[in-house]
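K.L.:
heads up, no residue letters with this:
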């Protein structure tokens, strides 16, 4: 009988610690769908135990993700600017090397082929950038719809 009581006590303590964890923990990011459902069993339990606090945290997570996505163009522009600076530095060093050692300078045909490759890379990158920007805009729209759902739960 004593072992049974100890096992029951340990089980109750474990369940209690788990419940406390669910009450004080936050989901990792946005865990709701456009139909208002909560993704994941632990998150469903959190929403039930935390109530309004859960939905406030979800609102903050959605707003943070929207802010991050809206800042993406500036971050991308900064990366492109830094890459252009590095390319310019590399090109200047190449020209210096060619001036010192003319024998290593590529032929006109090779230079033209390199230019065409660079242009193809730029076109492909522009297409990828456009697709990425469209995906970001779709995600922002999705998140804005979630705000309405969250507000209805508050």
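P.N.:
Yep, it's here. Computed from a predicted model, the values in this text were never measured in an experiment. Residues are numbered from 1 along each chain as shown.
K.L.:
So which elements touch the least confident helix or strand in the chain by mean pLDDT?
P.N.:
Using mean pLDDT, DSSP states H and E, helix 2-24 stands out as the lowest-scoring helix or strand of the chain, at a mean of 72. Here helix 2-24 touches helix 41-50, going by 3 or more C-beta pairs under 8 Å, 6 or more residues apart in numbering; DSSP states H and E. Glycine gets a C-beta too; all of them are placed from N, C-alpha and C.
K.L.:
name the element residue 149 belongs to?
P.N.:
Of the helices and strands defined by DSSP states H and E, residue 149 is found in helix 108-153.
K.L.:
tell me the mean pLDDT for that helix?
P.N.:
Across helix 108-153, the average pLDDT comes to 95.
K.L.:
swap in stretch 45-61?
P.N.:
93.
K.L.:
Look up phi and psi at residue 32.
P.N.:
phi -120, psi 150 (degrees, to the nearest 10).
K.L.:
I should have written residue 40 there, sorry.
P.N.:
As for residue 40, its main-chain torsions (degrees, to the nearest 10) stand at phi 90, psi 140.
K.L.:
buried residues in the least confident helix or strand of the chain?
P.N.:
residue 22 (16 or more other C-beta atoms under 10 Å).
K.L.:
cool, stretch 27-41 as well?
P.N.:
Buried residues in stretch 27-41, defined by neighbour count with 16+ other C-beta under 10 Å: 27, 30, 31, 32, 38.
K.L.:
Which of those residues sits closest to residue 154?
P.N.:
residue 32 (12.6 Å; C-beta to C-beta).
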